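S.K.: With the sequence up front, the predicted model follows.
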Amino acid sequence: MKTLRAVCARLLYVGTPALAVALVMAGSAAAAGKPVTVGMPLSSAPPAVAVDGAGDAFIAWANTKDVPPATTNFVQYCILPVSAVACTHSGALVPSDSAAYIDDVQVIVDGGTLVVLADVYGAAGPTGGDYAPEQEWTSTDGGATFTAANAGLSVASGILNADSAPLGAVIVPGTGVLGYGWNTAGGSPPTFNAFPLASPPECSTVTCAAGFASLEPNTNPDQLGNGGGQFAAESGAAPGVIGIFDTDFTNGPLGCSATQTVPFGTAYAYGSGNQSATNNYNLSPGTPNSAWKVPVTLADCNVDYPAVAGGPSGFGVLEDNELTKQTVYHRFNPATQSFSTPQVTVAAEGEQSPALSQDGAGGVYATYRGGPGGAIRLAYSSDGGSTWSGPTTLNPDSDGGASSVTSAVSAAGQGWAVWDDNGSVLAQPFTAQDAATPAVVSPSATSTSGSVTITVTCSATPCTVVITVTIPAASTASIARATHKKTGRPTALTLATGRFVLTAKGQRKLQLHLTSAGKRYLSTHHGHVRTSVRVRETIGSHISVLTTKAVTITVANKK
């Protein structure tokens, strides 16, 4: 019997005429940063999203409602530019060979090619096994049209038995290679298959000349089964592929001690290098010429809801620490091929439905739900996950209906969050700036004859702060009236300025030099002076936040 995390035999179909099913678009205008409804109310399956070089969202999901005239599941897609109120391109992709069911939909942007991958089962034809489990469609015109790869025959497989669950697709390091991973129930290991993007040969439950890798030795007593997980890949200086899997063992090589609060944890498998005949991701760990360096191995204990991503900053995992009730980031160490690094706190709350992405500069973006029924959050790290800005509320989810939240960013840092809300698919753009929280400025400060000392705390470090302390124009006007001085239009008086680079967390006392006008002004005052302090906080290359605060300065001058 099929479980929630398991899947029956799979198949998908691509060759029949497309169904005339239109996406229902939102009718009201939406500015950048506002959610747009891209499909309603046709979806009951998790959506997928990728972002192209222009920052447009490429969204797809399985329509499992069997809405007439459809009698089987099919894929819906939408191309949604930033600030758009509707999809520029949308449509329906129908599986070949009358495959009736879709388990999972994945989307990939590989250069100028958009890819849809659907994991299916239930093909009706006499050669149905040739169309399972993975069918592919590609577009080279920005989503205006899609073409079924290999006439709808399956392009990838990692099926050990009929009860295997899809875990996701990646761009494998190398030239024009994709990869897909599965997790199989019944005491079987997770699997991974690499296959060419262009003109892929058949790789199905019937035949797959390339074969696929089994990532856990069959001698391991802790076979993962259908526990869920994700794959991620990265190219560049340290190319590789990593898989993260849920575990719940209390003993054995993947066991978290029974004395721990919860048995939940994570395991991982890791491969490195570009795909080639002598570094092959289709060969199991431990076999000659395999790219996989680490078979399934214990990663963390007392964690749940993991998400993994790779990029210029390396691999890292976002997860819910069940002991501390915090959302944490755990960076992978390629030198030791392990998670031999400390966990970093992202938020003082747990998470669910997490997603991770990296931009071209290595900035790390995390989205998640702040617990059951919680808001959709966004956090950002400019330094590879060592420190984080946010989290901020990306969407409050006022009706509490959001589920299956996912996200992706472009190389330039344009992000999109996508989720299902009571059967409708919603999408919302974001950037790193949306994760910014302003620097904290203490309401009181002190001065000497030559300087002002102000206490500032950056939202994340390292950060650069530019501070300007002024006496507002209204105050200078009242001073002029009190002293019977004739002045023109009153202007603000700049008391002090300063620029600082902060590398340490927490409060910092910053000493700003007084301007000549500031020295003259404070030399005639004592006690307390009310000022306006403006702080421009810059974090990484993407975040710049301006905050202004009323600060009372205690003047040290004698009467």
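M.R.: Great, that's in hand.
S.K.: Can you give me the neighbour number for residue 316?
M.R.: By other CB atoms under 10 Å, 27 other residues sit near residue 316. (Each C-beta comes from the backbone N, C-alpha and C, glycine too.)
S.K.: so it bridges to which residues?
M.R.: With DSSP bridges as the criterion, residue 316 is bridged to residue 309, residue 331.
S.K.: Surely it touches residue 364?
M.R.: Yes: counting by CB atoms under 8 Å, residue 364 is a contact partner of residue 316 at 6.6 Å.
S.K.: Between those two, which contacts overlap?
M.R.: Residues touching both residue 316 and residue 364 (CB atoms under 8 Å, 6 or more residues apart in numbering) are 309, 329, 356, 384, 385.
S.K.: mind checking how far the residue found closest to residue 74 once you drop the neighbours it is linked to in the chain is from residue 73?
M.R.: Leaving aside its chain neighbours, residue 74 sits nearest to residue 94 (4.8 Å; criterion: CB to CB, 6 or more residues apart in numbering). According to CB to CB, to the nearest Å, residue 94 stands 9 Å off from residue 73.
S.K.: Neighbour count for these two, which is higher?
M.R.: Set residue 94 next to residue 73 and count neighbours by other CB under 10 Å: residue 73 wins out with 26 against 22.
S.K.: how close does that one get to residue 95?
M.R.: Residue 73 is 7 Å from residue 95, by CB to CB.
S.K.: Quick check: neighbours shared by these two?
M.R.: Taking CB under 8 Å, 6+ apart as the criterion, residue 73 and residue 95 both touch 102, 120.
S.K.: With just CA atoms, put the helix or strand where residue 267 lies into CSV.
M.R.: Residue 267 belongs to strand 265-272 when assigned by DSSP states H and E. Extracted in CSV, the C-alpha atoms of strand 265-272 (Å, rounded to 0.1, in the frame of the first residue of the first chain):
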residue,chain,number,x,y,z
GLY,A,265,18.6,13.4,12.1
THR,A,266,20.1,13.7,8.7
ALA,A,267,22.5,11.7,6.6
TYR,A,268,24.4,12.7,3.5
ALA,A,269,26.1,11.3,0.4
TYR,A,270,28.8,13.3,-1.4
GLY,A,271,30.4,13.2,-4.8
SER,A,272,33.0,15.6,-6.4
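S.K.: Could you report the neighbour count for residue 175?
M.R.: 12.
S.K.: mind listing what it touches?
M.R.: For residue 175, the contact set (CB under 8 Å, 6+ apart) comprises residue 274.
S.K.: what touches both of residue 94 and residue 73?
M.R.: By CB under 8 Å, 6+ apart, no residue touches both residue 94 and residue 73.
S.K.: so what's the residue nearest the centre of the chain up against?
M.R.: Nearest to the geometric centre of the chain sits residue 356, at 2.5 Å (CA atoms, centre = their mean). Residue 356 is in contact with 232, 307, 308, 309, 316, 317, 318, 364, 365, 366, counting by CB under 8 Å, 6+ apart.
S.K.: are any of those residues buried, and which?
M.R.: Taking 16 or more other CB atoms under 10 Å as the criterion, what is buried in these is 232, 307, 308, 309, 316, 317, 318, 364, 365, 366.
S.K.: ok, back up a step: and the residue nearest to the centre of the chain, what helix or strand is that in?
M.R.: Counting by DSSP H and E, residue 356 is part of strand 352-358.
S.K.: what pairs with that strand, and is each one parallel or antiparallel?
M.R.: strand 364-369 (antiparallel).
S.K.: after the strand it pairs with, next one along is what?
M.R.: Assignment by DSSP H and E places the next element after strand 364-369 at strand 376-381.
S.K.: Might one say that residue 46 is in contact with residue 60?
M.R.: No: here residue 46 lies out of contact with residue 60, judged by CB under 8 Å, at a distance of 10.5 Å.
S.K.: Could you list the low-pLDDT ranges of the stretch 1-150 of the chain?
M.R.: Residue ranges of the stretch 1-150 of the chain with pLDDT under 70: 1-32, 41-44, 69.
S.K.: Show me the strands in it, by range?
M.R.: For the stretch 1-150 of the chain, strands defined by DSSP state E, counting those that start in this stretch occupy the ranges 36-39, 48-51, 57-63, 74-80, 89-93, 101-110, 113-121, 134-139, 147-148.
S.K.: Is it possible to get a markdown table of these that adds mean neighbour count and distance to residue 297?
M.R.: Below are these laid out as a markdown table (neighbours: other CB atoms under 10 Å; distance: least, CB to CB, whole Å):
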| stretch | mean neighbour count | distance to residue 297 |
| --- | --- | --- |
| strand 36-39 | 25 | 39 |
| strand 48-51 | 25 | 28 |
| strand 57-63 | 27 | 32 |
| strand 74-80 | 26 | 35 |
| strand 89-93 | 20 | 38 |
| strand 101-110 | 22 | 25 |
| strand 113-121 | 26 | 26 |
| strand 134-139 | 26 | 27 |
| strand 147-148 | 16 | 38 |
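S.K.: gap between residue 473 and residue 493?
M.R.: 8 Å.
S.K.: Test my guess that residue 283 contacts residue 290.
M.R.: Yes: the pair residue 283 / residue 290 is scored as a contact, 3.9 Å apart, by CB under 8 Å.
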